[in-house]
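S.K.: model the following, please.
(chains A and B, ligands or ions: 2)
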Amino acid sequence: MYRNYLKISLRNIVRNRGYTFINVAGLAVGLACCILIMLWVTDEISFDKFHKNYDNVYRVIACYNDTEQTEYEWKTAPPLASALKADFPEVTAVTRYRPMNGHLFKIPDNISHELDLGLAEPAFLDIFTFPLTAGDARTVLNEPNSIILTEKTARKLFGVQDPLGKSISVDNALDLTVTGVMADVPANSHLQFDCLAPFVLIEKFMQEYGSVLDNWGMGGFATYVLLDDAATGEDMNLKLPGYLKKYAETETELSLQPLKDIYLYSSHINHNLFGNGDIKYVYIFSLIALFVLGIACFNFMNLTTARSANRAREVGLRKVVGAARHQIIVQFFNESLLLAFIALVFAVLMVEIFLPAFNNLSGKELTITFFDNPGMLTGLILIVLFTGLLSGSYPALFMSFFKPVKVLKGSFKAGGSGAMLRKALVVTQFTISILLIISTLVISNQLDFMRHKKLGFDKEQLLYMKMASDMPAQYEAFKSELLHETGVTSVTVTSSLPTHGIVFSTSHIEWPGKTGENKWLMNAVSVGEGYIETFGMKLKEGRFLAVGTSSFSDSIREAVLNETAVEKMNLDSPVGKTIEFSGFKVTVAGVVKDYYFQSLHHSMEPLAIVSVPEWYSYIFVKINSDSMPRTVATIEQIWKKFSPDTPFSGRFLSEAYESLYRSEQRMGQLFNYFTSLAIFISCLGLFGLAAYMAEQRTREIGIRKVLGASLSGLTFMISSEFIKWVLIANAIAWPLAFVVMNRWLQSFAYRISISWTVFVVSGALAVIIALLTVSFLAFKAALSDPVKALKYE
Amino acid sequence: MIKTVSLKKIYTTDEVETTALNNVNLEIREGEFVSIMGPSGCGKSTLLNLLGLLDNPSEGDYYFMDEQVSQYSERKRASVRKGSIGFVFQSFNLIDELTVFENVELPLLYLGVSGSDRKKRVEEVLEQMQIMARRNHFPQQLSGGQQQRVAVARAVVARPKVILADEPTGNLDSKHGDEVMDLLNQLNEEGTTIIMVTHSPSYAERGQRVVHLFDGHIVTENIKDKFHV
Ligand SMILES: Nc1ncnc2c1ncn2[C@@H]1O[C@H](COP(=O)(O)OP(=O)(O)OP(=O)(O)O)[C@@H](O)[C@H]1O
Ligand SMILES: [Mg+2]
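M.R.: Ligands and ions are numbered 1, 2, ... in the order given. Prediction:
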């Protein structure tokens, strides 16, 4: 019996090659999209699962209750860890962690490498599962000058040599001895580092701050706790309100964030140094996968039901010669499953081919290993079964109900309930497609907007480089040599990049006329001479800083505030007033017009520009030259002269801005591709349906032609029906898209308002695409020879 | 073997009620060859469909092999049908995607006959219908007469008690029509009950009895002697 089903399925497939192709191609593309997205989603939700203590590890989050909104930070004070351990019996282990990115590592007689260092306590290796391949986990981090390398880093620095016991110099200032080698940090870990060193080294890195480790006023350290099996973070969260008051005079509250939430649920946390995912995108892409698969399934159902009229006779005859209803159902399910599995084979091939491109786009290193991965395999088979059964269900159930008498009389018509369902499906498909087109346009508009937003300074032709450890002493000489070059117009130095977060912020501010507690944070940036000239921001009143080169405590004498800071403090004529800032008394020298000193994800915040040479980290060079590459090359040569050991890291600020919005851009690009595919599949379906209808109507068209209908009139007649559906789809998609996109835009501090043109353009695009697809066939049908058409019927 | 009592069939479509059959009383014994004649639209096909258990009557009783089947569900009708009743129609006869052999094999498949038995029986009837040479052809590759012979082959392959034929010669020229009629006569002589609708008086004469229908009623029943054909 099954052989017979298979035979007739295969013959039907071959006989209707065109439809089969459309069906299978649509489904295969849909499945391929679905598989790719599934891979991506699986990877996103797999973060940090490799830790044995996955369920018991928490990160401490600090909440600042600003007057307007609560701010969340992962940065906590250094003494917090041991305090938590002492005060809460359920805390079985704690570790502080501090990412120190972009330091220069050098071994004798070798070039230096810029690497990301993590500072952690010995308990770090108990709490997290980062297995060592050499060294003893209990002691590796005990010695203050020890360092653990990942295998990749060990190879990079030492090649094939055994790194254990060897010495590495960090920033030419610190000598560490390799005590262990660990397996590479998995890509799906929220903690990413090239090497680990004992946390106590922080004192060396932050010498200018004095004693760091027991200072409750310091911030900037992640605190991870391991709870015992009986305790939960929720229970402990109930005990945390007001806890910090025990140690410091503060309104700051603490809470625990489970390890499993860190990667996907941290978009509300400020200054996230760790590259983070966002559950929002997981949902969006899962939804797109469903949409695309849905569209492909609808196609399949549409074409199969449309063709079902041609199969009605077969069904009737089978019933007459003795087929039972369930046998007809089985036959049709068989057929749709067969097609779905053929599509799956093609889909897997497509995924194999396009995975590198997809990885490139998504910035991941995904691989497909269907056979090593039973979850993936069952997932796929379930999807295919689901698709096959869903697609086959309508024809199977509907056709098995055919009364043989009616079918044999030829009274069965392709219209009726099947046609209604088909129309509904086509409208749904186009609704989804239009929804996706509108979303794509809104997303790309928003990205454009962010890229072109006036920052309040000129980011073009600004080259920046990280200061090498031997640079501060030579900075003035380096600067004056640069300024001798013709292409260089000005040079300055700053503590932070406008694309990255700010390094220093404090709530500890006093000003004349202050009433009550201020709950907002004052950000600070330290800049050198030439800052205003290099960046080109506008001074509103007063003058800029008189920049000195004195030591830390002397140098904070003056500050320039931005407009927002003045507004927050409610200062009239601020110039000349004295404010207190983290314990230092400073005089306001001037006010600068607001400019974006951090990414556009943040709204404008108060800022104090000060001059603290110890904070300087980046040198900025403004270039005005006919030959950029030549000027950059010259700058590099000068750099080499001053700092021969450090690789030149010059990069344009505009590029840094591009990469700042890369996550959105990436999502935007992926969105574009998937949207195009969704539209493609919709059109494929429309094409198939139109081809079928044109075929069904050859007789009608023939009669109309004999009676004198014109070519254009006929083309219009056939096309207009489809256009009607697309217009209905527009009417449904517009309000939906408006609501959805408005919600997406809420996540940006600066956003566009959705313009009506987006809707009109999307609608028009859908109509044009549909028209192009259908009218070709309509035209072909209208051109056909009426005599032939009538004879064949 | 077949007995109907006051059989009535009413079709209701969009407010129009058509009484296709009214008060039809008919009895057919095993081994008979009955022809049904009448003008177009008088209800011949409707009657045949009821007799073939493709449809239920609106009123009246129908005994098939002494079983009251008039209110059977589609499922039960299907199970009575298969193996007991064979059909031949004017057109729409064969499944285009299946070969001659596979078309004929189909009823046996649904009966669950084993593969080797199927092959034997199908070859037997194809031989009998003289289309063995065309066993691997698809329906479109055959002439109308050949197609109809395949249809007859399929109707008899399950060795049904009754064969119902609705204008089996309607689409055929006289030469092919005669061939098909010869086959039916031959089957009848081998003991199969045959009920055939036809518009041709001469073909109707080949049966032992001609039932005339008019407006859903039986008007005359012409009983002849089988040996005076
Ligand atoms: N499915 C149906 N729905 C409504 N009316 C029907 C249906 N089938 C048949 N009829 C009506 O029942 C009557 C009998 O039809 P039937 O097909 O039995 O005629 P017939 O004698 O076979 O005619 P012909 O010789 O043209 O084949 C006709 O008036 C027809 O219109
Ligand atoms: Mg008829």
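S.K.: from here on, contacts and neighbour counts on C-alpha atoms
M.R.: Will do.
S.K.: helices or strands next to the biggest helix by length in chain A in the packing?
M.R.: Counting residues, the longest helix found in chain A (DSSP state H) is helix A:279-320. Contacts defined by 3 or more Cα pairs under 8 Å, 6 or more residues apart in numbering or on different chains; DSSP states H and E place helix A:279-320 against helix A:17-45, helix A:374-400, helix A:404-409, helix A:416-452, helix A:662-696, helix B:74-84.
S.K.: so how far is the second one from its chain's centroid?
M.R.: This means helix A:374-400. Between the centre of helix A:374-400 and the centre of its chain there are 31 Å (Cα atoms, centre = their mean, to the nearest Å).
S.K.: same question for the first one.
M.R.: Centroid separation for helix A:17-45 versus its chain: 22 Å, with Cα atoms, centre = their mean.
S.K.: what angle do it and helix A:374-400 make?
M.R.: Using axes from the mean of the first three to the mean of the last three Cα atoms, to 10 degrees, the direction of helix A:17-45 lies 140 degrees away from that of helix A:374-400.
S.K.: ok, now the last one?
M.R.: Counting by the same axes, to 10 degrees, helix B:74-84 points 80 degrees away from the direction of helix A:374-400.
S.K.: so which bits of helix B:74-84 are buried?
M.R.: Across helix B:74-84, burial judged by 16 or more other Cα atoms under 10 Å in any protein chain shown covers B:74, B:77-78, B:80-84.
S.K.: now do the helices in chain B.
M.R.: B:44-51, B:74-84, B:100-111, B:115-128, B:144-157, B:174-189, B:201-204.
S.K.: er, the stretch 101-250 of chain A actually
M.R.: For the stretch 101-250 of chain A, the helices defined by DSSP state H, counting those that start in this stretch cover A:124-127, A:151-158, A:202-205, A:233-239.
S.K.: other SSEs contacting the last one?
M.R.: Contacts of helix A:233-239 with other secondary structure elements, assessed using 3+ Cα pairs under 8 Å, 6+ apart, are made with strand A:253-258.
S.K.: just the residues contacting the strand it packs on, thanks.
M.R.: By Cα atoms under 8 Å, 6 or more residues apart in numbering or on different chains, the surrounding residues in contact with strand A:253-258 are A:55-64, A:233-234, A:236-237, A:240-244.
S.K.: which among these count as buried?
M.R.: A:55-64, A:233, A:236, A:243-244.
S.K.: closest to ligand 1 out of the residues you listed?
M.R.: Within the buried ones among the contacts of strand A:253-258, the smallest distance to ligand 1 is 67.1 Å, found for A:Asp55 (Cα to the nearest ligand atom).
S.K.: one step back: can you redo the helices and strands packed on helix A:279-320 as JSON lines with distance to ligand 1?
M.R.: Shown next, in JSON lines, are the helices and strands packed on helix A:279-320 (distance: least, Cα to the nearest ligand atom, whole Å):
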{"stretch": "helix A:17-45", "distance to ligand 1": "31"}
{"stretch": "helix A:374-400", "distance to ligand 1": "17"}
{"stretch": "helix A:404-409", "distance to ligand 1": "6"}
{"stretch": "helix A:416-452", "distance to ligand 1": "15"}
{"stretch": "helix A:662-696", "distance to ligand 1": "22"}
{"stretch": "helix B:74-84", "distance to ligand 1": "16"}
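S.K.: would you turn these into CSV with mean pLDDT?
M.R.: Shown next, in CSV, are those (pLDDT from 0 to 100):
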stretch, mean pLDDT
helix A:17-45, 86
helix A:374-400, 79
helix A:404-409, 65
helix A:416-452, 78
helix A:662-696, 76
helix B:74-84, 82
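S.K.: take those helices and lay them out in TSV including distance to A:Thr534.
M.R.: Formatted as TSV, those follow (distance: least, Cα to Cα, whole Å):
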stretch	distance to A:Thr534
helix A:17-45	41
helix A:374-400	54
helix A:404-409	83
helix A:416-452	20
helix A:662-696	26
helix B:74-84	88
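S.K.: still on that earlier bit, now do whichever helix or strand comes after the longest helix of chain A against helix B:100-111, angle only.
M.R.: Counting by DSSP states H and E, the element after helix A:279-320 in chain order, helix or strand, is helix A:325-362. Angle of helix A:325-362 versus helix B:100-111, following the same axes, to 10 degrees, is 110 degrees.
S.K.: helix A:325-362 packs against which elements?
M.R.: helix A:2-15, helix A:17-45, helix A:374-400, helix A:662-696.
S.K.: format those as a markdown table; extra columns: distance to A:Ala733 and mean neighbour count.
M.R.: Listed next are the helices and strands packed on helix A:325-362 as a markdown table, based on distance: least, Cα to Cα, whole Å; neighbours: other Cα atoms under 10 Å in any protein chain shown:
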| stretch | distance to A:Ala733 | mean neighbour count |
| --- | --- | --- |
| helix A:2-15 | 35 | 15 |
| helix A:17-45 | 21 | 22 |
| helix A:374-400 | 24 | 19 |
| helix A:662-696 | 14 | 21 |
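S.K.: returning to that earlier point: flag the least confident of the buried ones among the contacts of strand A:253-258.
M.R.: Ranked by pLDDT, the buried ones among the contacts of strand A:253-258 bottom out at A:Tyr64, which has 78.
S.K.: if we can go back for a sec, among the helices and strands packed on helix A:325-362, which comes closest to A:Ala419?
M.R.: Counting by Cα to Cα, A:Ala419 lies closest to helix A:662-696 out of the helices and strands packed on helix A:325-362; the figure is 10.7 Å.
S.K.: just how off-centre is the closest one within its chain?
M.R.: Using Cα atoms, centre = their mean, the offset of helix A:662-696 from its chain centre is 23 Å.
S.K.: OK, contacts around residue 166?
M.R.: This is for chain A. When contacts are counted by Cα under 8 Å, 6+ apart, A:Lys166 touches A:177-178.
S.K.: look at chain B instead
M.R.: By Cα under 8 Å, 6+ apart, the neighbours of B:Asp166 are B:45, B:48, B:87-90, B:196-198.
S.K.: do you know the pLDDT at the spatially most central residue of chain B?
M.R.: With distances taken as Cα atoms, centre = their mean, the residue of chain B nearest its centroid is B:Leu164 (1.4 Å). Confidence at B:Leu164, expressed as pLDDT, is 92.
S.K.: A:Asn101: what's it in contact with?
M.R.: A:115-118.
S.K.: could these go into TSV alongside neighbour count?
M.R.: As requested, the contacts of A:Asn101 are exported to TSV (neighbours: other Cα atoms under 10 Å in any protein chain shown):
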residue	neighbour count
A:Leu115	17
A:Asp116	17
A:Leu117	24
A:Gly118	22
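S.K.: same list, these, but as TSV with pLDDT and distance to chain B please.
M.R.: TSV is the format used below for the contacts of A:Asn101 (pLDDT from 0 to 100; distance: Cα to the nearest Cα, whole Å):
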residue	pLDDT	distance to chain B
A:Leu115	87	68
A:Asp116	88	67
A:Leu117	91	70
A:Gly118	92	70
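S.K.: looking at these, which is nearest ligand 1?
M.R.: Among the contacts of A:Asn101, and counting by Cα to the nearest ligand atom, the member closest to ligand 1 is A:Asp116, at 80.5 Å.
S.K.: can you give me the pLDDT of the closest residue to that closest one other than its chain neighbours?
M.R.: In space, and not counting its chain neighbours, A:Asp116 is closest to A:Asn101: 4.2 Å by Cα to Cα, 6 or more residues apart in numbering or on different chains. As predicted, A:Asn101 sits at a pLDDT of 76.
S.K.: still on that earlier bit, so of the contacts of A:Asn101, which two are at opposite extremes in space?
M.R.: Within the contacts of A:Asn101, A:Leu115 and A:Gly118 form the most distant pair, 9.9 Å apart (Cα to Cα).
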